[in-house]
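Chemist: Sequence first, then the predicted structure:
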Amino acid sequence: MRQEVDGMKSVHEGVLTLHKPHPLLSGQRGNIDEMESKLTTEPAVSKCEVIQVAIVCAGHNSSRSMVTLIKSMLFYRKNPLHLHLITDAKAHLILSTLFDTWSIPQMEVSFYLADNVVPEVSWIPNKHYSGVYGLLKLTLPKALPSSLRKVIVLDTDVTFATDIAQLWALFQNMKSDQALGLVENQSDWYLGKLWKNHRPWPALGRGYNTGVILMDLSKLRGMNWPHLWRMIAERDLQTMLSTSLADQDIFNAVIQQNPRILHEIPCHWNVQLSDNTRSESCYTEVADLKVIHWNSPKKLRVKNKHAEFFRNLHLTFLEYDGNLLRRELFGCSNYSNSKQQSSYINHEQINEDDVCYEFRCVKYIKYRTHLFYLDYDYEQDTTDGSSEWDVTLVAQLSMDRLQMIESLAKHWEGPISLALYMSDTEAQQFLSFVISCETLANRKNIGYHVVYKEGSLYPINFLRNVALGQVTTPYVFLLDIDFLPMLGLYPYLKRVMSNLHMSEGNKALVIPAFESLRYRLNYPKTKADLLKMLDVGDLFTFRYHVWPKGHAASDYPKWRSATTPYKVNWEQDFEPYVVVRRDVPEFDLRFAGFGWNKVSHTMELEAQNYQFIVLPNAFVVHMPHAPSLDIAKYRANPLYKRCLDTLKSEFMNDLSIKYGKTFPNVIN
């Protein structure tokens, strides 16, 4: 682990442990002994008992926060889990893809559409930053299946520091009429002492925080919970006018009127780190923290004298490799998730003795994928009719190309879909980069899709397919991240596509590619500028000196003087950058790393009878960079070349069978 908490081991042998009690956690020895005695007598949970967890999650940022919560739960858990996620459409897409590709053993995930229960609470005026979704926990007894009797309810901004089974065991301590297990609120909010004329909702004593709830659904249903909370909310809203802390205000008002339904659980199950927290009185006496709750709009930026200690604990899981949590650490023969699919290779698919085993594996690896890692909001402009020809730039990259995103965004004002191949730690560095970059922070029409690293080869075509799959515009511009489009290319393409009747038949608009060998380039503003730079040797046709076949079919001599689009024929090894319909064939997954990953795609376009039409007033320029690791492997390893030739032959054979066409031999 890169982050390490003072006084704490990094993750070692599946347990996060303290070398010695941290000063913040060193209270009176007698108090610690008393707490340890209580802990040893906590009720136990059977090994294979399924722990039910409910989380409300809406939007892109909340989905990202929830991943850290899930990591911390998985790291310590020893029991099967069943997650019940109440989500909006955005979070459903993100999280369903994430959990499908994460493939975690002994964990089942069920989704419930938030829209089905939003009308139950949308009438409540709410000032909390979470909006209407901050009220949805009130609806859980109705939203969740009637067969579900009890559930742990969590906010997305909590982090576990122990096995969740210990929390689940506390249900056994609840008396017959106790339906809600809560930790006391650790600020003076409900005492009305935070500022002059502060008037909070009614609460029992200090009130109770709803970031962690033991919810006995059966008992709540038995007391007609929807009627109970609504009746009290309607009464108090007459004087309070709105909620300030969303569902928490209403839960507390209900408890104040019905204290018998409350079971108070120890403070260390919800150590609250808000600006006004008094949680120090809890964690200075408790040596074994259980759950940390970042219950402030500022989250990790909260001002708290011990915040750095807790922030490091949180970062431990933020940057932890989620792939390691796929391991089945226990066996429960009576529990299996029928939807679970291993991310690892089925050896019946591939012969382990095959010399090209490493290359063949790529096609079958299930890469953990987090779509829309940052906030995304793009709606096509329908006022001028151009939405029919709207186009999204599609590209992929790894961490070493991160700096190209800002330049790309300045050259292309339209929507962009990017797939990023990164580790968990790199994903956090990427997040910081975007947030601190004014150009990118202000752009909401760039979809960032993180694919987490696995294996030794760069899965370039998998990344392309991920980025392609999230496009909503009718057309896509398939580019690589190290190219900069000419300024104004986005509106130009929309105009051209309308004139070329792109919706009729299979057409691929070819954008001629050039390259600069200089890191500092005075980028050409027009075609005339580019031609001048070509003539004086400041620019070159792309890969003219090492791979001219890749773009020669674009017919550069003709392009120099062309004023109208012109058709060209496909040629062997042609790999242009093209604009096509969104329903273009996906890239072939067998090609990863260096070589033939784009040539094979262009060949399939030819097999589908695409017309290749070169645009006379469009261009892209490749910017120089250090060679990738994969091209270095290709140049140094003869086996790499042999295996690539094998994959080429197999692809050609598959293509001939699929389309009934034969192509010239491409094996050199």
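Modeler: Ah, there it is.
Chemist: And the chain, what are its domain boundaries?
Modeler: 43-156+163-267, 369-631 (automatic domain parsing).
Chemist: nearest to Arg326, of these?
Modeler: For those, the distance to Arg326 is smallest for domain 43-156+163-267, at 6.0 Å, taking CB to CB. Glycine gets a C-beta too; all of them are placed from N, C-alpha and C.
Chemist: Over to that closest one now: how far is its first residue from its last?
Modeler: Using CA to CA, to the nearest Å, the end-to-end distance of domain 43-156+163-267 comes out at 18 Å.
Chemist: For it, what does the pLDDT average out to?
Modeler: If you average the pLDDT over domain 43-156+163-267, you get 93.
Chemist: Stretch 570-580 too?
Modeler: Rounded mean pLDDT across stretch 570-580 is 95.
Chemist: ok, and for that stretch, which residues are buried?
Modeler: Neighbour-count burial for stretch 570-580 flags 570, 573-580 (criterion: 16 or more other CB atoms under 10 Å).
Chemist: now it, how far from the centre of its chain.
Modeler: Put simply, stretch 570-580 sits 32 Å off its chain's centre (CA atoms, centre = their mean, to the nearest Å).
Chemist: Which residues outside that stretch are in contact with it?
Modeler: 391, 475-480, 483, 493, 497, 507-511, 513, 547, 549-554, 598-599, 601-603, 605-606, 610, 612, 620, 663-664, 666 (CB atoms under 8 Å, 6 or more residues apart in numbering).
Chemist: hmm, try it at 6 Å
Modeler: 475, 477-479, 493, 508-511, 513, 549-550, 553-554, 598-599, 602, 606, 620, 664 (CB atoms under 6 Å, 6 or more residues apart in numbering).
Chemist: Tyr448 contacts Asp375, correct?
Modeler: No: the criterion here is CB atoms under 6 Å, and Tyr448 misses it with Asp375 at 9.6 Å.
Chemist: Can you pull the phi/psi pair for the spatially most central residue of the chain?
Modeler: In the chain, the residue lying closest to the centroid (CA atoms, centre = their mean) is His370, at 2.9 Å. Per-residue torsions, His370: phi -120, psi 100 (degrees, to the nearest 10).
Chemist: Would you agree it is in contact with Val450?
Modeler: Yes: in this structure, His370 is within contact of Val450 by CB under 6 Å, at 4.5 Å.
Chemist: ranges for the strands of the stretch 401-550 of the chain?
Modeler: Using DSSP state E, counting those that start in this stretch, the strands of the stretch 401-550 of the chain run over 416-422, 446-452, 475-478, 483-485, 507-511, 513-515, 540-541.
Chemist: Can I get those in CSV including mean neighbour count and mean pLDDT?
Modeler: Formatted as CSV, the strands of the stretch 401-550 of the chain follow (neighbours: other CB atoms under 10 Å; pLDDT from 0 to 100):
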stretch, mean neighbour count, mean pLDDT
strand 416-422, 25, 98
strand 446-452, 24, 98
strand 475-478, 23, 98
strand 483-485, 22, 97
strand 507-511, 23, 97
strand 513-515, 21, 95
strand 540-541, 18, 94
